[in-house]
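J.: below are the sequence and a predicted model for it; my questions follow.
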Amino acid sequence: MGTPCHFALFELQPGFNLDLDQLAVRYRELARGVHPDRFADASEREQRLALEQSAGLNEAYQTLKNPSKRARYLLALKGNETPLEVTVHDPEFLMQQMQWREELEDLHDSADMAGIAAFKRRLKVAQQALNNSFAACWDDAAQREQAERLMRRMQFLDKLNYEVRQLEERLDD
């Protein structure tokens with residue numbers, strides 16, 4: 001028997017739009033059931049199983065909680081695993097990436113906190129738009145290529161968001 005689908009684990013239908021609060025509540029319920037402390041007096045095998053279930057549950061939760069990881073997972077369920085690092089022919093988005101990177105450099109050099117906050121807001125809007133576009137096409141085999149392209153754009157924005165947070169932390173110190 002293979003590992004159960006992440007969605008099945010949380011008793012959800014596979015889909016991109018999830019109620020994240022409901023997901024968190026269900027995660028906490030399930031996590032309590034496999035918490036290693038509950039198996040302190042159990043056999044070594046039961047302890048190991050609980051640990052594996054706990055790790056699997058955690059991985060499933062982290063995957064479904066994050067939109068780009070959820071998108072990647074859905075695409076994998078639908079067919080081929082998409083390679084992590086692939087240069088995608090997406091010239092339009094490449095230009096956008098370069099613009100964002102330059103802007104981030106400038107914000108870094110100027111240490112402009114207000115500018116960084118505005119940049120973050122724009123990224124959030126861009127992420128929401130990507131999420132909506134992905135939600136509309138991931139399930140359509142004819143739009144597989146577009147769904148993969150959107151998922152890769154989502155991954156890039158995740159990375160960019162992370163860099164913005166790092167910049168904020170450096171400037172806060």
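T.: Alright, I've got the coordinates. Residues are numbered from 1 along each chain as shown.

J.: let me see the ranges of the helices in the protein.
T.: Under the criterion DSSP state H, the chain contains helices at 6-9, 20-34, 44-65, 67-78, 91-110, 113-137, 144-172.

J.: can I get the ones you listed in a markdown table including mean pLDDT and mean neighbour count?
T.: C-beta coordinates here come from the backbone N, C-alpha and C atoms, glycine included. Formatted as a markdown table, the helices of the chain follow (pLDDT from 0 to 100; neighbours: other Cβ atoms under 10 Å):
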| stretch | mean pLDDT | mean neighbour count |
| --- | --- | --- |
| helix 6-9 | 93 | 18 |
| helix 20-34 | 93 | 13 |
| helix 44-65 | 92 | 15 |
| helix 67-78 | 93 | 20 |
| helix 91-110 | 92 | 13 |
| helix 113-137 | 95 | 15 |
| helix 144-172 | 93 | 17 |
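
J.: please name the nearest non-neighbouring residue to Asp139.
T.: Lys78 (7.5 Å; Cβ to Cβ, 6 or more residues apart in numbering).

J.: from Gln127, how far out is that neighbour?
T.: Separation of Lys78 from Gln127 (Cβ to Cβ, to the nearest Å): 22 Å.

J.: now swap in Glu59 and tell me
T.: Distance from Glu59 to Gln127, by Cβ to Cβ: 23 Å.

J.: one more: Leu30?
T.: 28 Å.

J.: with Arg48 instead?
T.: 39 Å.

J.: check contacts around the residue nearest the centre of the chain.
T.: The centroid of the chain falls nearest to Asn66 when counting by Cα atoms, centre = their mean (2.7 Å). Counting by Cβ atoms under 8 Å, 6 or more residues apart in numbering, Asn66 makes contact with Asp158.
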